[in-house]
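In: Provided below are the primary sequence and the corresponding predicted coordinates.
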There are 2 protein chains.
Amino acid sequence: MAKEAQTPFILLGLMTTGCSTGYSMKQLIDTGLSHFWKISYGQIYPALKKLTDEGLAEVQQETQEDKPDKKVYNMTPKGKKALEQWLASPIEGGLPVQKNEWLLKLFFSRHESTETAIVKIKQYKEQLQQRFSLYKQIEKMITECAVRSEDERFWLFTLRHGLKLTSAALDWCDEVIDELQKEGE
Amino acid sequence: MAKEAQTPFILLGLMTTGCSTGYSMKQLIDTGLSHFWKISYGQIYPALKKLTDEGLAEVQQETQEDKPDKKVYNMTPKGKKALEQWLASPIEGGLPVQKNEWLLKLFFSRHESTETAIVKIKQYKEQLQQRFSLYKQIEKMITECAVRSEDERFWLFTLRHGLKLTSAALDWCDEVIDELQKEGE
DNA sequence: AGGGCCATGTAATAAGTTACATGATTTT
DNA sequence: AAAATCATGTAACTTATTACATGGCCCT
């Protein structure tokens, strides 16, 4: 059985949040959904076209005076049904595996010096710190800016997931750096 | 710039741990590296062939009496060099993004009932618990079974990363279930 | 004049999954 | 006799990344 593609449903879902162009959908995914999703234009634009062809969404060309024209997408009743069906459908395939190049290299670290390993973990930590403050910023944006309150709750829930895991990873970095440095003495 | 493929280096790395056939490499990745990597035979066998063609590994057919024949791969000096270079090379592209279908659906949960959302998070929690105990088992295997001690340290480090993050996700589940249930009263 | 943001799209390539194909041996 | 494990491999397909292409507006 082929796993169902999720891209179209994300786009449908975003249409219900007042996000209506391919460009702004990418922007929202890169911020509000960045802790659990990513996407490229190469996926978005063909998917939007397909949704329209299948009658799950409608397009309207909108002329803007100060900015380039844009295509505004809206969900049709058929699209709404599809979204709800997708939400209700069970999640197959178990938990996702996060491929992590830092851990991969640490796994084989006996082929390098302890110092090099420590440097790498410190770099990893830095990246995690950046991510953490980014998430904090996004949290602020969601609570302060224009997000409809029905959505807000759930957006904050998922974001907290990201914050918690990042925080746990940061703890791990400190522990491991500590243990590796102790050895050197 | 195209991102460097990592599959060949994992396979080279595994050759240094006494793991020498495509079949056993897949097994090891599915256990010892499962918290940060996954792979299919469709990637492994072609990659092993390519490594041999490029002179980074050598093959020997080995006849077994009780089991089917197998191909034993060993790293060449050239392969060793490549592995070390890969280890020393900087990690580009920032942190990985873990696509998470559970969070994705929770993100759009205002289109379903609170009860349904709670059920989904409970399912997620169950999966995480299973994962947690699996990691605990693997930890036992690493400490008790035949892993060379130079490798053992680093394998346990990475595994603890998995345990920590899973544990953090479990905490998150409890918190969110709690908050959603409070609302219902 | 140059950089950055807004905006849409395609084509080539890479990466990864799944199903298929084969076949021996061991355990239940 | 069937199921599980050991063992290797390929072909078709899906998914995703990257680079390319275009072009206007705004700000400095």
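Out: That came through fine.

In: so what pLDDT did A:Met1 get?
Out: Per-residue confidence (pLDDT) for A:Met1: 42.

In: next one: A:Lys67
Out: On the pLDDT scale, A:Lys67 gets 83.

In: give me the element it is part of.
Out: A:Lys67 is located outside every helix and strand, with elements delineated by DSSP states H and E.

In: mind listing what whichever residue of chain A sits closest to DNA strand C touches?
Out: Nearest to DNA strand C in chain A, going by CB to the nearest atom of the strand, is A:Tyr23, at a distance of 3.0 Å. All C-beta atoms are positioned from the backbone trio N, CA, C, and that covers glycine. Counting by CB atoms under 8 Å, 6 or more residues apart in numbering or on different chains, A:Tyr23 touches A:Lys70.

In: host element of it?
Out: Going by DSSP H and E, A:Tyr23 is part of helix A:22-31.

In: over to A:Lys71?
Out: Judged by DSSP H and E, A:Lys71 forms part of strand A:70-75.

In: hmm, that strand in reach of DNA strand C?
Out: Yes. Applying CB under 7 Å from any atom of the strand, one finds strand A:70-75 touching DNA strand C at A:70-71.

In: partner strands of that strand, parallel or antiparallel?
Out: Strand A:70-75 has its sheet partners listed here by DSSP bridges as strand A:57-62 (antiparallel).

In: how about the helices in chain A?
Out: Along chain A, counting by DSSP state H, helices occupy A:7-15, A:22-31, A:41-53, A:77-88, A:101-107, A:114-144, A:149-184.

In: can you tell me if the second one touches DNA strand D.
Out: The one in question is helix A:22-31. No. If you take CB under 7 Å from any atom of the strand as the test, helix A:22-31 misses DNA strand D, and the best it gets is 9.7 Å.

In: tell me what angle that helix forms with helix A:114-144.
Out: Relative orientation of helix A:22-31 versus helix A:114-144 (axes from the mean of the first three to the mean of the last three CA atoms, to 10 degrees): 120 degrees.

In: ok, the nearest residue to A:Phe132 once chain neighbours are set aside - contacts?
Out: Spatial nearest neighbour of A:Phe132, chain neighbours left out: A:Thr166 (4.8 Å); criterion: CB to CB, 6 or more residues apart in numbering or on different chains. Residues in contact with A:Thr166 (CB under 8 Å, 6+ apart) are A:128, A:131-132, A:135.

In: and which of those residues is nearest to A:Thr63?
Out: Among these, A:Tyr135 lies closest to A:Thr63 (CB to CB), at 36.8 Å.

In: settle this for me: that closest one is touching A:Leu163, isn't it.
Out: Yes. A:Tyr135 is in contact with A:Leu163 according to CB atoms under 8 Å; the separation is 5.2 Å.

In: who's more crowded, those two?
Out: A:Tyr135 (22 against 19; other CB atoms under 10 Å in any protein chain shown).
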